[in-house]
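1. pasting the sequence and the predicted model now:
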Amino acid sequence: MRYISTRGTAPALDFEEVLLTGLASDGGLYVPETLPQFSADELSDMAGRPYSEVAFRVMKPFVGDSIDDATFRRLIDESYATFKHDAVVPSVQLGPNHYLLELFHGPTLAFKDVALQLLGRLLNHFLEKRGEKGVIMGATSGDTGSAAIEGCRHSDHLDIFILHPHQRVSEVQRRQMTTVLSDNVFNIAIEGNFDDAQAIVKGSFADQDFLNGTRLIAVNSINWARIMAQIVYYVYAAVNLGAPHREVSFTVPSANFGNLYAGFTASQMGLPVKQFVIATNANDILHRTLADNDFSKKALLATLAPSMDIVVSSNFERLLFDAYNRDGAQVRALLERFQQEPAALADAPLSRLRERFDSATLSDEGIIDVIRDAFERTGELLDPHTATGFYAAEAKRWDQTTPMVTLATAHPAKFEDAVVKAGFEGAPLPPSMADLLERDERYEVLPAELEAVQRFVAEHRR
Ligand SMILES: Cc1ncc(COP(=O)(O)O)c(C=O)c1O
Ligand SMILES: N[C@@H](CCOP(=O)(O)O)C(=O)O
């Protein structure tokens, strides 16, 4: 399998190289040159299989021969043994033909664990094989950070630097990161927002001199391996609801768009998906683009669903690449325009997207109402991100006969603020985190400046 850049000019790489890098050298994101295709028989045969088996079958074509089957299976098994539910990502039924896919049973209680448990093990495997060390730089609006730390901290080959927006993540999210006091883990609170943090990380990939030749590795969903591991749960959920003999629809709380892009990729590989619904909080650029062709930046708002407080959505670039029939030059031109001024998609790519996607946005007041209403009607206490999905799924589904799967992206215990505002006492943390609020913390507050962060990384890496 070869991987090419969405901007069309960077050299093609193999899986190992793509895993161990970040942005492509032309500023684009890597995607497979051609996607593997599932036959109907292959899909049918995955129904009822354990999650790890489905994961191996779905991901094997992406890794090719870069890793032997026995080792790959072991890393997959170890990754999903850390989840607290035997089904790894169980479903519950919310209403007629409406299902909730619970992606939060991993060690840090958000969907990020699904990919980052495996990513950490894959990185360790390849760096060990090469006898190399790597520096991870990641930006988080709250969930990727702890999942990356949890997935990578046991590797002697990795130093991990995670940037979060100072005072803009929940207390539980911050503590899940800052109470990990391992020598190779460094948390940086940026005096800015998530977009600032992500821009610093991307800027560091563009200019890596500050690392004097040490490899810089991405754990955000710019890393293709994140997308690859997330494709699995779409397949797992759909085949257990009757695919390929029956179409399935998905609603996804979205921001940096890695989650939904994984689902879209699954559909491009032959999974019969009728509709994707993009759910956003008040940071609604994805919704505005799809509904009104308004691809313009607005000031980033702090909302009750802080993990989706993102304006510049990395993986939307991958979707645009497909919508523009993989024309990297057009994608580059559009994204350069977007950085400077309000932009719009051309008619044909926008129509292509509207054939498969719908979208909805939910304000903070709406999130509070939906958490309350969903609990009354279903008995499920939703986290504020999942609440945007629950709302969008009900508001925008095209038909009632196709099963709708709403992705539950985080556990409500991470977001006490929203849950309490909705009239609940809060959800208890699991026993392993019962003393989280008493643990010692360590983090550095830095200005949102590339040089200040690079200096900190250069001085502290081991
Ligand atoms: C809990 C939660 N829900 C939804 C999202 C949005 O996912 P994505 O960025 O993949 O669109 C995130 C993070 O981005 C998140 O942490
Ligand atoms: N919501 C994310 C933001 C980063 O997204 P990623 O999927 O690109 O890592 C977070 O919680 O950090």
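-> Great, that's in hand. Ligands and ions are numbered 1, 2, ... in the order given.
2. got the residues of the protein near ligand 2?
-> Selection of the chain residues close to ligand 2 by C-beta under 6 Å from any ligand atom yields 140-145, 220-221, 255-256, 258, 307, 314. Yep, even glycine has a C-beta here, placed from its N, CA and C like the rest.
3. list only those of those flagged as buried.
-> Among the residues of the chain next to ligand 2, those classed as buried by 16 or more other C-beta atoms under 10 Å are 140-145, 220-221, 255-256, 258, 307, 314.
4. next one: the longest helix along the chain to chain centre, how far?
-> Of all the elements of type helix in the chain, the one with the most residues (DSSP state H) is helix 112-130. The chain centre lies 16 Å from the centre of helix 112-130; the measure is C-alpha atoms, centre = their mean, to the nearest Å.
5. could you spell out the sheet neighbours of the helix or strand immediately after that helix in the chain, each with its direction?
-> For helix 112-130, the following helix or strand on the C-terminal side (DSSP states H and E) is strand 134-139. Strand 134-139 sits in its sheet next to strand 158-165 (parallel), strand 215-218 (parallel), going by DSSP bridges.
6. so what touches strand 134-139?
-> Applying C-beta atoms under 8 Å, 6 or more residues apart in numbering, the external contacts of strand 134-139 come out as 20, 22, 123, 127, 144-145, 148, 152, 157-164, 194, 197-198, 200-201, 204-205, 211, 214-220, 457, 461.
7. does ligand 1 sit close to that strand?
-> No: Strand 134-139 does not reach ligand 1 (C-beta under 6 Å from any ligand atom); its nearest approach is 10.5 Å.
8. got the angle between that strand and helix 112-130?
-> Strand 134-139 and helix 112-130 are oriented at 160 degrees to each other (axes from the mean of the first three to the mean of the last three C-alpha atoms, to 10 degrees).
9. so the next helix or strand after strand 134-139, near ligand 1 or not?
-> Next in sequence after strand 134-139, counting helices and strands by DSSP H and E, comes helix 144-152. No: residues of helix 144-152 are not located near ligand 1 by C-beta under 6 Å from any ligand atom, the shortest gap being 6.7 Å.
10. what's the spacing between the residue of the stretch 101-250 of the chain found nearest ligand 1 and Arg377?
-> For the stretch 101-250 of the chain, the residue closest to ligand 1 is Asp143, as judged by C-beta to the nearest ligand atom, at 3.4 Å. Distance of Asp143 to Arg377, given as C-beta to C-beta, to the nearest Å: 26 Å.
11. where along the stretch 1-150 of the chain do the helices fall?
-> 15-19, 40-44, 51-63, 69-81, 112-130, 144-152 (DSSP state H, counting those that start in this stretch).
12. if you could redo that for the stretch 251-400 of the chain, that was the one I meant.
-> Counting by DSSP H, counting those that start in this stretch, the stretch 251-400 of the chain has helices at residues 258-268, 285-292, 316-323, 328-340, 347-356, 364-378, 384-396.
13. turn these into JSON lines, columns for mean pLDDT.
-> Below are the helices of the stretch 251-400 of the chain laid out as JSON lines (pLDDT from 0 to 100):
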{"stretch": "helix 258-268", "mean pLDDT": "98"}
{"stretch": "helix 285-292", "mean pLDDT": "98"}
{"stretch": "helix 316-323", "mean pLDDT": "98"}
{"stretch": "helix 328-340", "mean pLDDT": "97"}
{"stretch": "helix 347-356", "mean pLDDT": "98"}
{"stretch": "helix 364-378", "mean pLDDT": "98"}
{"stretch": "helix 384-396", "mean pLDDT": "98"}
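14. so which of the ones you listed comes closest to Asp183?
-> helix 258-268 (29.1 Å; C-beta to C-beta).
15. pull out the buried positions in that closest one.
-> By neighbour count with 16+ other C-beta under 10 Å, helix 258-268 contains the buried residues 258-267.
16. related to what we said a few turns ago, now do the longest helix of the chain and helix 258-268, the angle between them.
-> Angle of helix 112-130 versus helix 258-268, following the same axes, to 10 degrees, is 80 degrees.
17. so what does helix 112-130 touch, helix or strand wise?
-> Packing contacts for helix 112-130, counted by 3 or more C-beta pairs under 8 Å, 6 or more residues apart in numbering; DSSP states H and E, involve helix 15-19, helix 69-81, strand 134-139, helix 144-152, strand 158-165, helix 224-239.
18. can you tell me how far Val252 is from Glu441?
-> 32 Å.
19. I meant to write Ile217 there.
-> From Ile217 to Glu441 the distance is 25 Å (C-beta to C-beta).
20. again with Val370
-> Distance of Val370 to Glu441, computed by C-beta to C-beta: 32 Å.
21. when those two are compared, which one has more neighbours?
-> Neighbours per residue, other C-beta atoms under 10 Å: of Val370 and Glu441, the larger number sits with Val370, 22 against 12.
22. and the residue nearest to the more buried one when sequence neighbours are not counted, what is it in contact with?
-> Closest residue to Val370 apart from its sequence neighbours, by C-beta to C-beta, 6 or more residues apart in numbering: Ala387 at 4.2 Å. With contact set as C-beta under 8 Å, 6+ apart, Ala387 has these partners: 305, 362, 367, 370-371, 374, 418.
23. switch the cut-off to 10 Å
-> Ala387 is in contact with 253, 279, 281, 304-305, 362, 366-374, 381, 406, 408, 412, 415, 418-419, 422, counting by C-beta atoms under 10 Å, 6 or more residues apart in numbering.
24. are we agreed that Thr406 is in a strand?
-> Yes: under DSSP: H, G, I helix; E, B strand; the rest coil, Thr406 sits within a strand.
25. spit out the contact partners of it.
-> Each residue near Thr406 by C-beta under 10 Å, 6+ apart is listed here: 91, 94, 98-101, 249-253, 277, 279, 374, 382, 386-394, 397.
26. next, count neighbours for Ser249.
-> Ser249, neighbours per other C-beta under 10 Å, totals 25.
27. revised request: answer the last question for Gly379.
-> Here the number of neighbours of Gly379 (other C-beta under 10 Å) works out to 9.
28. spit out the contact partners of it.
-> Counting by C-beta under 10 Å, 6+ apart, Gly379 touches 92, 94.
29. and stretch 228-245, how far out from the chain's middle?
-> With C-alpha atoms, centre = their mean, you get 17 Å for stretch 228-245.
30. tabulate the buried residues of helix 258-268 in CSV, adding columns for distance to Ser5.
-> Shown next, in CSV, are the buried residues of helix 258-268 (distance: C-beta to C-beta, whole Å):
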residue, distance to Ser5
Gly258, 17
Asn259, 21
Leu260, 21
Tyr261, 15
Ala262, 19
Gly263, 22
Phe264, 18
Thr265, 16
Ala266, 22
Ser267, 22
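31. turn these into a markdown table, columns for distance to ligand 1.
-> A markdown table is the format used below for the buried residues of helix 258-268 (distance: C-beta to the nearest ligand atom, whole Å):
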| residue | distance to ligand 1 |
| --- | --- |
| Gly258 | 4 |
| Asn259 | 3 |
| Leu260 | 6 |
| Tyr261 | 8 |
| Ala262 | 8 |
| Gly263 | 10 |
| Phe264 | 12 |
| Thr265 | 13 |
| Ala266 | 14 |
| Ser267 | 16 |
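32. nearest to ligand 2 among those?
-> Gly258 (4.2 Å).
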